[in-house]
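> task: produce atomic coordinates for the following.
(one chain, ligands or ions: 2)
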Amino acid sequence: MHSGSIRGRFANDAENRLVPVRGNATAVIQSSNPKTWSFDRMKAMDTPASPYRSGFVAVMGKPNVGKSTLVNALLGQKIAAVSPKPQTTRRRQLGILTLDNAQLIFVDTPGVHQPRYKLGESMVKSATEALSDCDVVLMVVDVSQPPDEADRRLAALVNEIRSRTRVLLLLNMIDKTNPSSLADRTQAFQELIPRAQPIAISATRRDGLDYLLKTLIEGLPVSPPLYPEAQVTDHYEREIASDLIREAALNNLYDEVPHGIAVRIDQYLERGEHGAYIEATLFVERESHKAIVIGQGGSMLKQIGSDARKQIEEMSNRKVYLDLKVKVRKNWRDDAKSLKWFGYE
Ligand code: GDP
Ligand code: MG
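Ligands and ions are numbered 1, 2, ... in the order given. Reported below is the predicted structural model:
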């Protein structure tokens, strides 16, 4: 059952999750959702047990280099919002991967960009904090393009973190990189972060992910799991749901209501067999934006709600009722109180 490009320790199972394969021990990489934890705990190991390792993995990289795609591929489920548009992921997000021998907590840092609004500053701050708090840094780059100013700025940030933090340079998108330019590109990126260990991957094709995971685990401290498996879900799902709603809004609105949109989850109720009931408010900066988000006879809001609902259902593997409202909250980007309230600080 091995997929075409992944050899050795991993194969894809029926639901397209990565399944480590080692001797006769099998464990599906679990997501944070207990309803999809259909993993077979290890039966017998054919190698001596290695010490359990756990730690934080910061995922760095400018927008659109494939950070979310990578985290999703490693976790085997839609966790971080993936979008062809940059800056969808605005907050630190935890993706937790619990294996037989290790627990990896992924921190999906926002892209670092020039602070213009206060929001920008708090995003930069949160990226810097994520870096100094973690055990391993993954610097993701798009190796199909030469390094640019944004890569250099991030590399400078990475070069400042303490020297015992391991840094892996992930040369992503090898599937769309001209093989003849790969060596030069690799060198150009390596020069930006000389201490980093380069690993070529394709997040979409899952190439190189088995080796990446092995290398990642080796870089974590010996420690029992930091998070009890079942505790993770709640807090975490709310956060992801709000990202997915925001993503659905951005995808439908194109550039009409640029990034001045925020989402607050007002209710997130479990209804057992009947799924989850979610009430959320979309905040916009102007009355005119509110009209656009609602659309003719509510059609736009309905579309956003329907797209977001499908994504949340896919993420949480159950039925979801989603009720969206739109409100105007002027200047929320510059208002420190609002930032706190939306969870940005
Ligand atoms: P992020 O902004 O860094 O989180 O980037 P995303 O994960 O949202 O990815 C941006 C775009 O690049 C999406 O359209 C992905 O499907 C695409 N992408 C990510 N990884 C790869 C890859 O390895 N190969 C190719 N061809 N496309 C990729
Ligand atoms: Mg992302």
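
> what residues are up against Cys134?
55-58, 107, 165 (Cβ atoms under 8 Å, 6 or more residues apart in numbering). Using the backbone N, CA and C atoms, a C-beta is placed for each residue, glycine as well.

> whoops, I mixed them up, Leu220
Taking Cβ under 8 Å, 6+ apart, we find Leu220 in contact with 53-55, 102, 104, 135-136.

> how near is it to Asp151?
Leu220 is 26 Å from Asp151, where distance means Cβ to Cβ, to the nearest Å.

> if we can go back for a sec, which one (most neighbours) among the contacts of Leu220?
For the contacts of Leu220, the largest number of neighbours (other Cβ atoms under 10 Å) sits with Leu104, at 26 neighbours.

> would that one count as being in a strand?
Yes - applying DSSP: H, G, I helix; E, B strand; the rest coil, one finds Leu104 inside a strand.

> tell me the pLDDT of it.
Reported pLDDT at Leu104 in the predicted model: 88.

> just list whatever residues bridge to it.
When assigned by DSSP bridges, Leu104 has beta-bridge partners Gly55, Leu97.

> how near is it to ligand 2?
Leu104 is 17 Å from ligand 2, where distance means Cβ to the ion, to the nearest Å.

> wait, that residue sits on Leu216?
Yes - Leu104 lies in contact with Leu216 (Cβ atoms under 8 Å); the separation is 6.3 Å.

> anything in contact with each of the two?
Contact criterion Cβ under 8 Å, 6+ apart; residues shared by Leu104 and Leu216: Val57.

> confidence-wise, which helix or strand of this protein is lowest on average?
Lowest by mean pLDDT, DSSP states H and E among the helices and strands of the chain is strand 25-26, with a mean of 28.

> now for the helix or strand harbouring Phe189, which elements pack on it?
Taking DSSP states H and E as the definition, one finds Phe189 inside helix 179-192. Packing contacts for helix 179-192, counted by 3 or more Cβ pairs under 8 Å, 6 or more residues apart in numbering; DSSP states H and E, involve helix 149-159, strand 166-172, strand 197-200.

> count of residues packed around Leu269?
Neighbours of Leu269 under the rule other Cβ under 10 Å: 11.

> can you read off the backbone torsions of it?
phi -110, psi 130 (degrees, to the nearest 10).

> same deal with Ile292?
phi -70, psi -40.

> Gly61 reaches Leu154, doesn't it?
Yes - when contacts are counted by Cβ under 8 Å, Gly61 is listed as touching Leu154 (6.8 Å).

> okay, the residue of the stretch 51-200 of the chain found nearest ligand 2 and Leu244: tell me how far apart.
Sorted by distance to ligand 2 under Cβ to the ion, the residues of the stretch 51-200 of the chain start with Ser68, at 3.3 Å. Distance, Ser68 to Leu244, using Cβ to Cβ: 11 Å.

> also Val222?
Applying Cβ to Cβ, the value for Val222 to Leu244 is 36 Å.

> between these two, point out the one with more neighbours.
Between Val222 and Leu244, counted using other Cβ under 10 Å, the more crowded position is Leu244 (28 against 11).

> element containing that one?
Going by DSSP H and E, Leu244 is part of helix 233-253.

> got it, and Lys330?
Secondary structure from DSSP H and E places Lys330 outside every helix and strand.

> settle this for me: it is touching Phe283, isn't it.
No - applying Cβ under 8 Å as the test, Lys330 and Phe283 come out as separate, 9.7 Å apart.

> who has more neighbours out of the two?
Per other Cβ under 10 Å, whichever of Lys330 and Phe283 has more neighbours is Phe283, with 22 against 13.

> hang on, isn't that one packed against Ile265?
No - in this structure, Phe283 is not within contact of Ile265 by Cβ under 8 Å, at 12.0 Å.

> quick one: residues contacting the residue of the chain found nearest ligand 1.
Residue nearest to ligand 1 within the chain: Gly66 (3.0 Å; Cβ to the nearest ligand atom). Applying Cβ under 8 Å, 6+ apart to Gly66 gives the contacts 140, 142, 172-173, 203-204.

> same thing with Arg53?
Shown in contact with Arg53 (Cβ under 8 Å, 6+ apart): 101-103, 217-218, 220-223.

> what sits closest to it if chain neighbours are left out?
Leu220 (3.9 Å; Cβ to Cβ, 6 or more residues apart in numbering).

> and the one you found, helix, strand or coil?
Going by three-state DSSP: Leu220 is coil.
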